[in-house]
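> Just to be clear, the model below is a prediction. Sequence and coordinates:
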2 protein chains.
Amino acid sequence: MPAPLKVALLGCGVVGTQVARRLLEHADELASRVGTSLELVGIAVRNATAPREGITGTPLADLLTDDAEALVDGADVVVEVMGGIEPARTLILRAIEGGASVVTANKALLAQDGPTLYKAADTAGVDLYFEAAVAGAIPIVRPVRESLAGDQVQRVLGIVNGTTNYVLDRMATEGLELEQAVKEAQALGYAEADPTADVEGYDAAAKAAILASLAFHTRVSIDDVAREGISAVTAADVQWAQRTGHTIKLLAIAERNTSDGVAGIQVRVHPALVPDAHPLAGVRGAFNAVFVEAEAAGELMFYGRGAGGAPTASAILGDLVSVARHRVLGGRGPVESSYAALPVLPADAARTRFQVRLDVDDRPGVLAQVAAALAEHDVSIEAVRQSADGHSADGHSADGHSADADRRDPTDVARLLLTTHAAPERALAATVAALTDLDVVRDVVSVLRVEGA
Amino acid sequence: MPAPLKVALLGCGVVGTQVARRLLEHADELASRVGTSLELVGIAVRNATAPREGITGTPLADLLTDDAEALVDGADVVVEVMGGIEPARTLILRAIEGGASVVTANKALLAQDGPTLYKAADTAGVDLYFEAAVAGAIPIVRPVRESLAGDQVQRVLGIVNGTTNYVLDRMATEGLELEQAVKEAQALGYAEADPTADVEGYDAAAKAAILASLAFHTRVSIDDVAREGISAVTAADVQWAQRTGHTIKLLAIAERNTSDGVAGIQVRVHPALVPDAHPLAGVRGAFNAVFVEAEAAGELMFYGRGAGGAPTASAILGDLVSVARHRVLGGRGPVESSYAALPVLPADAARTRFQVRLDVDDRPGVLAQVAAALAEHDVSIEAVRQSADGHSADGHSADGHSADADRRDPTDVARLLLTTHAAPERALAATVAALTDLDVVRDVVSVLRVEGA
């Protein structure tokens, strides 16, 4: 057997601990699969003497070091699970320049500065793998950048943030308001004390950028992603969605599109109504799933756990075996593929179907005025649902509090639920402005996109 | 750019035609992804002058040849989509020995003689890729043999035959009997004129062997797979399944297990009741899906089209890009990993839950006798459902014909539906024999395994 490979681990949180433990516990299996031993030579942390659950009192404790640079310099493979931009970026570049291959789970860094890392790895002739950066345990990076390399991806729709999927699922199944569901997720450890990165879609946007880059052979950074989180989604929205046969999901979407005659791509993150018959609608709890539409393959879906120590460690160790095998047998993994260089089209050119809920005066002629406002902006109506009793049907969330009590006047208010055909986002924005100006429209209660239909 | 790579195509059926067309139509894209052009140098067929839809009258017609050996000898990469054992086996070995990498969709050959092909490829230092051999367009071979290489797979449950899934789906949604559904599948081109390979589970068994080999790093041939098709599944079985919250699926199962103290694996194909809440239950029509349970990753599912020209071509072209990149950039794909060499345990040691439907005398004391017979063989009952009206509830299939009219005597017959806890297959076989011998049991109507619970 060739000499053991020296593996350096940067970071020792929930994921790092699992990676370290599995490297020790499955050392023989891994050696058989790689063709040589993987020797964990150190674990870089900020404070090497602080007690750590799962590490302190085990042989792993002796591997802790606060000298990340020295650790990186002696390694054949560097596994980075510290997260954040710095010092992760500097350490990864140092590792690559020193000739080490890198396995990272760092979605934020890849979405911000991926091309720099790719280029450094290519120059040094080493591997850069990052399966764990998108959708945790789910093999999605490798399938998109390798298995689908002979196909043309048209569209990627992903539930790539487990926290928001859990929150939306609890809103749907228990009738909770967002705030309650977020608190519950925090209590269970699914959401952070500051849930902004998840709830506002920043985490999903980073993953959308990475998936879009791979799917469309184009550089896409997080700045190219139009982002809207779930903070405006109410229990009433969720219930109305259910009533019309939909489930609300936070989707990361990357698709080929055309705007003003220019063929390009669009990348966006926002809540959307997904028809219940669509495979993504059934993705429950904190699970993730990525739905891919490709020209030849047709519809594909990849489903599994998107976070957590062990699932993320599974993805990292799979990458580790790949890059280690290249060290032993020669060869290299895929490099950056950005030849297509498709333009990222403006967000407001995206075409989707919309569901618009309006509170209107309950009298004849109102629908005609509303329909005229839509027609004026070339937005075509697919379906209208009118409910004179709209408020009593959905004004109460499950906890007995009204979500919009200040707007209630059941005697003469009707609710209109409009579903449009596909329309450009900018046309819809103009339509909503026009509707708001109509005397008969009391409130535009919600506007939600419909995807996956 | 390096010199173009010479690609030889063996076979020009539905899949081969799509592969050839896409090689031409997407030549520029593929060249950008590979780093050099892929030049289709010939298409070997039995009769090069016979007219072929999609080929005749196109530039592809000039590439047809009936001299497969000469074609193989000049190729850098050979794509084999002719199917069957011979001459595919001889041509693939000839290609490998001549230094060509091979991409094949040939499940039958891999399941029968995979190690010979692997060994030849390893000796010659070339790639052997076969994503299209299992579940068509779905990336499953690569995820299992690469993405999960750092994890321990516990279990694989696959719907890997689209024909039988379509047939079972139509039985469930339309109440058809098997024969009718098969005829419908034949009319739609989903089933062959002789549907035996699909209906009796031979196709699924070959895929089960391939998946088991990859998942458990162990040589598994089709002869190791316990196989039972769907030909005994009746409309009544499907309806009873629905009534108890299940869907009947033909599953390919590979799992770690222990028998008489020996740790090993079991590989089997049979129809099974899948709880409606399980992700596999929702896989409709001719779609395929593979559900994987791994120690660290937890539950994963891969879903998509399992057959058809374009979907299968997607998988083949993905492989083709990978092996071509190795030609250009150096390196090699994974080789055979069979170090674990786990024993394949006897089929009758498999432990599953069972659902048993019995026609019994409708009088007091019968359940006690039945329960005693189970207890005697250490089979423990999880649930019993008794219906004095069993026949009228399910004796009629949707077309109005009785499935078991010869056994009808509604005045004094009751139906018992027993669900057992997990029990060894051999214990259940003995139990069924004992039940058949009981005077009060008129008929053991069906015995179905329950999986995925």
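Okay, I see it.
> Wasn't A:Val79 part of a helix?
No: A:Val79: not assigned to a helix; according to DSSP: H, G, I helix; E, B strand; the rest coil it is strand.
> for it, what are its contacts?
Applying C-beta atoms under 8 Å, 6 or more residues apart in numbering or on different chains, we find A:Val79 in contact with A:7-10, A:19, A:102-104, A:316, A:320. For glycine as for every other residue, the C-beta is placed from the backbone atoms N, C-alpha and C.
> among the residues you listed, who's most crowded?
With neighbours set by other C-beta atoms under 10 Å in any protein chain shown, the maximum within the contacts of A:Val79 is found at A:Ile316, which has 32 neighbours.
> and the closest residue to that one other than its chain neighbours, backbone torsions?
In space, and not counting its chain neighbours, A:Ile316 is closest to A:Ala132: 4.9 Å by C-beta to C-beta, 6 or more residues apart in numbering or on different chains. Backbone torsions of A:Ala132, given as degrees, to the nearest 10, read phi -70, psi -10.
> again, but for A:Val7
phi -110, psi 120.
> How about A:Ala368?
Here is the backbone geometry of A:Ala368 (degrees, to the nearest 10): phi -60, psi -40.
> The one residue in the stretch 201-350 of chain A that gets nearest to chain B: what's it in contact with?
Shortest the stretch 201-350 of chain A-to-chain B distance, computed as C-beta to the nearest C-beta: residue-wise this is A:Gly331, at 1.9 Å. With C-beta under 8 Å, 6+ apart as the criterion, the residues that contact A:Gly331 are A:325, B:326, B:329-332.
> And the pLDDT at the closest residue to it other than its chain neighbours?
Beyond its immediate neighbours in the sequence, the residue positioned closest to A:Gly331 (C-beta to C-beta, 6+ apart) is B:Gly331, lying 1.9 Å away. Among the per-residue scores, B:Gly331 holds a pLDDT of 86.
> Other residues contacting the strand or helix carrying A:Ala375?
With elements delineated by DSSP states H and E, A:Ala375 resides in helix A:366-376, which encompasses its position. Helix A:366-376 is touched from outside by A:358, A:360, A:380-381, A:384, A:386, A:414, A:416, A:418, A:420, A:431, A:434-435, A:438, A:440-441, with contacts defined as C-beta under 8 Å, 6+ apart.
> what about 10 Å?
Applying C-beta atoms under 10 Å, 6 or more residues apart in numbering or on different chains, the set of residues contacting helix A:366-376 from outside is A:356, A:358, A:360-361, A:379-381, A:384, A:386, A:414, A:416, A:418, A:420, A:423, A:427-428, A:430-441.
> burial count for A:Val41?
The number of residues packed around A:Val41, counting by other C-beta under 10 Å, is 18.
> helix, strand or coil for the nearest residue to it once chain neighbours are set aside?
Once its chain neighbours are removed from consideration, A:Val41 has its nearest residue in A:Lys6; the separation is 4.6 Å (C-beta to C-beta, 6+ apart). Applying three-state DSSP to A:Lys6 yields a three-state assignment of strand.
> buried residues in the helix holding A:Ala375?
Of the residues in helix A:366-376, those buried under the neighbour-count criterion (16 or more other C-beta atoms under 10 Å in any protein chain shown) are A:366-367, A:370-371, A:373-374.
> pLDDT on it, on average?
Per-residue pLDDT values over helix A:366-376 give a mean of 94.
> cool, stretch A:222-242 as well?
Confidence over stretch A:222-242, taken as the mean pLDDT, stands at 96.
> got it, and stretch A:277-296?
96.
> how far is that stretch from where the chain is centred?
With C-alpha atoms, centre = their mean, to the nearest Å as the basis, the distance from the averaged C-alpha position of stretch A:277-296 to the chain average is 12 Å.
> swap in stretch A:340-350?
With C-alpha atoms, centre = their mean, you get 19 Å for stretch A:340-350.
> Any idea how far apart the tips of it sit?
Distance between the boundary residues of stretch A:340-350 (C-alpha to C-alpha, to the nearest Å) amounts to 20 Å.
> and it with chain B, contact?
Yes: Stretch A:340-350 is in contact with chain B by C-beta under 10 Å from any C-beta of the partner chain, via A:Ala340.
> Return the set of buried residues in stretch A:303-318.
Residues of stretch A:303-318 classed as buried under the neighbour-count rule (16+ other C-beta under 10 Å) are A:303-318.
> Take these and keep only those in strands.
In strands, judged by DSSP state E, the following of these are found: A:303-305.
> Got phi/psi on A:Arg227?
The phi and psi torsions at A:Arg227 (degrees, to the nearest 10) take the values phi -130, psi 130.
> who does it bridge with?
In this structure, A:Arg227 bridges to A:Val269 when assessed by DSSP bridges.
> Quick check: it touching A:Ala204?
Yes: in this structure, A:Arg227 is within contact of A:Ala204 by C-beta atoms under 10 Å, at 7.8 Å.
> So for those two, which residue has more residues nearby?
Taking neighbours as other C-beta under 10 Å, A:Arg227 and A:Ala204 compare with A:Ala204 leading, 31 against 19.
> Tell me how far the more buried one lies from A:Gly83.
Relative to A:Gly83, A:Ala204 is positioned 16 Å away (C-beta to C-beta, to the nearest Å).
> Kindly report the same for A:Ile210.
Using C-beta to C-beta, one gets 14 Å for the distance from A:Ile210 to A:Gly83.
> of those two, who's got more company?
More neighbours surround A:Ile210 than the other of A:Ile210 and A:Gly83, with 27 against 17 (other C-beta under 10 Å).
> Could I get the contacting residues of that one?
Under the criterion of C-beta under 10 Å, 6+ apart, the neighbours of A:Ile210 are A:107, A:110-111, A:114, A:130, A:133-135, A:140-141, A:144, A:160, A:220-222, A:252, A:254.
> Using CSV, list the CA coordinates for the strand or helix carrying it.
When secondary structure is defined using DSSP H and E, the element that contains A:Ile210 is helix A:202-216. What follows is helix A:202-216, C-alpha atoms only, in CSV (Å, rounded to 0.1, in the frame of the first residue of the first chain):
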residue,chain,number,x,y,z
TYR,A,202,-29.3,34.1,2.0
ASP,A,203,-28.3,30.5,2.6
ALA,A,204,-30.5,29.2,-0.3
ALA,A,205,-29.2,32.0,-2.5
ALA,A,206,-25.6,30.8,-2.1
LYS,A,207,-26.6,27.3,-3.0
ALA,A,208,-28.6,28.6,-6.0
ALA,A,209,-25.5,30.3,-7.3
ILE,A,210,-23.5,27.2,-6.9
LEU,A,211,-26.1,25.0,-8.6
ALA,A,212,-26.6,27.5,-11.4
SER,A,213,-22.8,27.7,-12.1
LEU,A,214,-22.6,23.9,-12.5
ALA,A,215,-25.9,23.4,-14.4
PHE,A,216,-25.3,26.2,-16.9
